[in-house]
Structures are given as structure tokens and as C-alpha cells.
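Enquirer: Test case, fold it:
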Amino acid sequence: MLDLSPYSSRVHVSDDRPIFEEAVNCAKSGAKRAAYVMVWISCAESLKRRFREAQKRDGAAGKIVGEFEKKELEQKSVDKFLLAKAKDYGFISDSAHTILLNIYEMRCLYGHPYEEAPTDEQVTHAAAMV
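Expert: Reported below is the predicted structural model:
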């Protein structure tokens, strides 16, 4: 089975680790589609956490938190919004934005059971990039 556990050590903040560990467990059990989705969710939740931390020191980050929380209350997707704001705010580079946007888009594809599942290499790549 697929082992993503070597990438766990790259998750430096303990609050971000539980969701990534779920991706590791999904991969070990052969659920590659679920692993890919959980890798993405770990990225999105990490970005949210970073904005929440930044809002303690910066009003601009607080506005972003307010916007994504409002979108979530309205049950709207915030993933692309988070990526764009993370790039604008300086959390991620232009190239990281491009890579993460691709992972997000593939998550949208793989998250549906009528589409093809990701390969081991695709899941590993997502884990390595996130």
C-alpha cells in the first residue's frame, strides 16, 4: 500500500498534523481517492489556521478571516479564495499557488466516484507539495 508517512515530518505545526495523518491512514488502507482529498483539506485548513494566527497582529488578515468565515456560513466553497488570498498575503509564492491550485482542481476531480481515481504517484506528489 501507499505510504505517505515520510511527509508527516514536513508538517511543522502540530495543529496541522491530525488531518494530514488521516490522509496517511487513507493511503495505507488503499483509499487513494480519500487520501488525495484529505491531503488537500489539510492544506486548506492549514491556510485558515495561518490567517487566524495572523489576524492577531494584522487587521488585513482579520478581514480575510471574516470573508472566508462568511462564505463558509453561506455554505460556499472557500478553497480558491484561500489560495488567492494566501498568495496575495505572502503565505505562498506564485509558483506554490500554481501547484496548489492544480492539486485543488484535481481534488475536485478525484472527489467524485464516477471519475478516475488518482495513481500512487499523484497522491504522493500532492502530499509532497502540500
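Enquirer: Please identify the helix or strand for residue 18.
Expert: Assigned by DSSP states H and E, residue 18 falls within helix 17-28.
Enquirer: How about residue 101?
Expert: Going by DSSP H and E, residue 101 is part of helix 94-110.
Enquirer: list the buried ones in the helix or strand just after that helix?
Expert: As assigned by DSSP H and E, the chain's next helix or strand after helix 94-110 is helix 120-129. Neighbour counts over helix 120-129 (16 or more other CB atoms under 10 Å) mark 123, 124, 125, 126, 127 as buried. From N, CA and C alone the C-beta is placed, and that goes for glycine too.
Enquirer: Distance from the chain centre to the helix holding residue 101, please.
Expert: With CA atoms, centre = their mean, to the nearest Å as the basis, helix 94-110 stands 9 Å off its chain's centre.
Enquirer: Need the residues that contact the helix holding residue 18.
Expert: Contact with helix 17-28 is made by 1-5, 7-8, 11, 32, 34-36, 38-39, 41-42, 45, 123, 127, 130, as judged by CB atoms under 8 Å, 6 or more residues apart in numbering.
Enquirer: mind redoing it with 6 Å?
Expert: Helix 17-28 is touched from outside by 1, 2, 4, 5, 11, 34, 35, 38, 39, 41, 42, 45, with contacts defined as CB atoms under 6 Å, 6 or more residues apart in numbering.
Enquirer: now stretch 42-61
Expert: 15, 16, 19, 20, 62, 64, 65, 79, 82, 86, 91, 130.
Enquirer: Repeat the analysis, applying 8 Å as the threshold.
Expert: 11, 13, 15-16, 19-20, 22-23, 62, 64-65, 68, 78-79, 82-83, 85-86, 89, 91, 100, 103-104, 130.
Enquirer: Much appreciated, bye for now.
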